[in-house]
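1. Need the 3D shape of this:
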Amino acid sequence: MSDKYSRQTLFKHIGQHGQQQLMDARVLIVGMGALGTHVAESLVRAGIGHLTMIDRDYIEESNLQRQTLFTERDARQALPKVIAAENKLKLIREDVSIEAHIGNMDRWFLENYAQNVQLIIDATDNFETRQLINDFAYQQHTPWIYGGVVQSTYIEAAFIPGETPCFNCLVPQLPTINVTCDTVGVIHPAVTMTTSLQVRDAMKILTHQSFTPKVTYGDIWEGEHFQFGFSKLQRNECATCGESPTFPYLNEAKRQYASLCGRDTVQYENNNITWEILETFLYQRHIQYRSNHYMIHFNFNHHRIVYFKGGRFLIHGMTNPQQATTLINKLFG
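-> Okay, the predicted model is just below:
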């Protein structure tokens, strides 16, 4: 085995056998922002064999303060986050296998790309996405790790189907967070605290360590740190991990419009609008645009709009899907 991991294999809880388990592991990270970039880099440096990443966004200058793997050049080029992340991770370790997906995480994606992973790591800021991960993980008996960060606070918990209650059972006991980093900010130490906990539990799970997952939360600025167990919180009537699970979030109809949490942005999807159709339309309407290999950027009615291949739009400067409907109708008539 390479000397690259010599200091890690000296750690008594990993050793040569544990290192081989990490090198054989397949992990999915949902979201490639602050949490996702830190987790991805840590896992790649730890020797993870295969990493699948999905994110629907692109890099902006405001990301650079806390989202490692990205540079000012990436922001100027407005690269998709997963593409820039893949480029940097390959510089760290050439032998890592990476699948990078630009898009929205939904049931179709999970069923096509998450069936063979040993672990799912939540690096989002979206409650509904976490519920979808939770349903899929418990349906497929795949462990997943939750993480959240805002301002100077952090929270983390690992969920292991068959051993722990699910995220739904825990929600009533979680500290209430009604804000996002896009509205009240976030500091880098809170991010690294969250991801250190996530990566710790990931390494335990992937090396088959026996441990009792706990909720860990605190405030890095105030120096507060708390833990509590949740093994007794399972509800028999829970729709995800109860006696008769129905996995409701997996069975929800896909929405054409969706608000992005805290981003003043609405996502619109229409796979009938191809790259060629949009370019022709913008040219005929004399609407100026710029593009790279992945996206088209343009402005319409004082809103900045970004189009991704496959028919997905991010409409900035609004929060109401009905506003987006009106704007799209005006745009395409």
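2. Show the subsequent helix or strand relative to the least confident helix or strand in the chain by mean pLDDT.
-> Across the helices and strands of the chain, mean confidence by mean pLDDT, DSSP states H and E is lowest for helix 181-184: a mean of 62. Heading C-terminal from helix 181-184, the first helix or strand you meet, by DSSP states H and E, is helix 188-206.
3. Packing partners of that next one?
-> In terms of contacts (3 or more C-beta pairs under 8 Å, 6 or more residues apart in numbering; DSSP states H and E), helix 188-206 is packed against helix 15-24, helix 34-46, strand 119-122, strand 144-150, strand 153-159. The C-beta positions use only the backbone N, C-alpha and C, and glycine is treated the same way.
4. got TSV for those, with mean pLDDT too?
-> Listed next are the helices and strands packed on helix 188-206 as TSV, based on pLDDT from 0 to 100:
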stretch	mean pLDDT
helix 15-24	97
helix 34-46	97
strand 119-122	98
strand 144-150	94
strand 153-159	95
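5. any chance of the ones you listed in a markdown table, plus distance to Leu233 and mean neighbour count?
-> Converted to a markdown table, the helices and strands packed on helix 188-206 look like this (distance: least, C-beta to C-beta, whole Å; neighbours: other C-beta atoms under 10 Å):
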| stretch | distance to Leu233 | mean neighbour count |
| --- | --- | --- |
| helix 15-24 | 30 | 16 |
| helix 34-46 | 24 | 24 |
| strand 119-122 | 18 | 26 |
| strand 144-150 | 14 | 26 |
| strand 153-159 | 11 | 25 |
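6. Looking at the ones you listed, which is nearest to His293?
-> Of all the helices and strands packed on helix 188-206, it is helix 34-46 that lies closest to His293, at 20.9 Å by C-beta to C-beta.
7. between the closest one and strand 144-150, how big is the angle?
-> Computed by axes from the mean of the first three to the mean of the last three C-alpha atoms, to 10 degrees, the angle separating helix 34-46 from strand 144-150 equals 130 degrees.
8. what's helix 34-46 packed up against?
-> Short answer (3+ C-beta pairs under 8 Å, 6+ apart): helix 34-46 packs on strand 26-30, strand 50-55, helix 81-92, strand 119-122, strand 144-150, helix 188-206.
9. Could you chop the chain up by domain?
-> What the record gives for the chain is the domain set 3-229, 257-332, from automatic domain parsing.
10. Just name the most buried of these.
-> Most buried of those, by mean neighbour count (mean count of other C-beta atoms under 10 Å): domain 3-229, with a mean of 19.
11. Dump the helices and strands packed on helix 188-206 into JSON lines; add distance to Gly311 as well.
-> Shown next, in JSON lines, are these (distance: least, C-beta to C-beta, whole Å):
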{"stretch": "helix 15-24", "distance to Gly311": "37"}
{"stretch": "helix 34-46", "distance to Gly311": "24"}
{"stretch": "strand 119-122", "distance to Gly311": "26"}
{"stretch": "strand 144-150", "distance to Gly311": "29"}
{"stretch": "strand 153-159", "distance to Gly311": "33"}
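12. quick one: which of these is nearest Thr216?
-> strand 153-159 (5.1 Å).
13. To Cys238, which of the domains of the chain lies closest?
-> Here domain 3-229 is closest among the domains of the chain (C-beta to C-beta), at 5.4 Å.
14. So which of the domains of the chain is nearest Phe247?
-> Per C-beta to C-beta, nearest to Phe247 of the domains of the chain: domain 3-229, 4.2 Å.
15. Quick one: residues contacting His17.
-> When contacts are counted by C-beta atoms under 8 Å, 6 or more residues apart in numbering, His17 touches Thr207.
16. Regarding stretch 62-71, how distant is the last residue from the first?
-> For stretch 62-71, the first-to-last residue distance is 11 Å (C-alpha to C-alpha, to the nearest Å).
17. from here on, count from 31
-> Will do, 31 is the new start, and the previous item becomes stretch 92-101.
18. so where's the stretch 31-180 of the chain shaky on pLDDT?
-> Scanning the stretch 31-180 of the chain for pLDDT under 70 picks out 31-32.
19. Switch the helices and strands packed on helix 64-76 over to a markdown table; also include distance to Tyr324.
-> Shown next, in a markdown table, are the helices and strands packed on helix 64-76 (distance: least, C-beta to C-beta, whole Å):
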| stretch | distance to Tyr324 |
| --- | --- |
| strand 56-60 | 19 |
| strand 80-85 | 12 |
| helix 111-122 | 7 |
| strand 149-152 | 24 |
| strand 174-180 | 27 |
| helix 218-236 | 25 |
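20. Out of those, which gets nearest to Thr310?
-> Taking the helices and strands packed on helix 64-76 one by one with C-beta to C-beta, helix 111-122 is closest: 25.4 Å.
21. And the helix or strand following that closest one, how far out from the chain middle?
-> Under the assignment DSSP H and E, the closest C-terminal helix or strand after helix 111-122 is strand 127-132. The chain centroid and the centroid of strand 127-132 are separated by 13 Å, computed with C-alpha atoms, centre = their mean, to the nearest Å.
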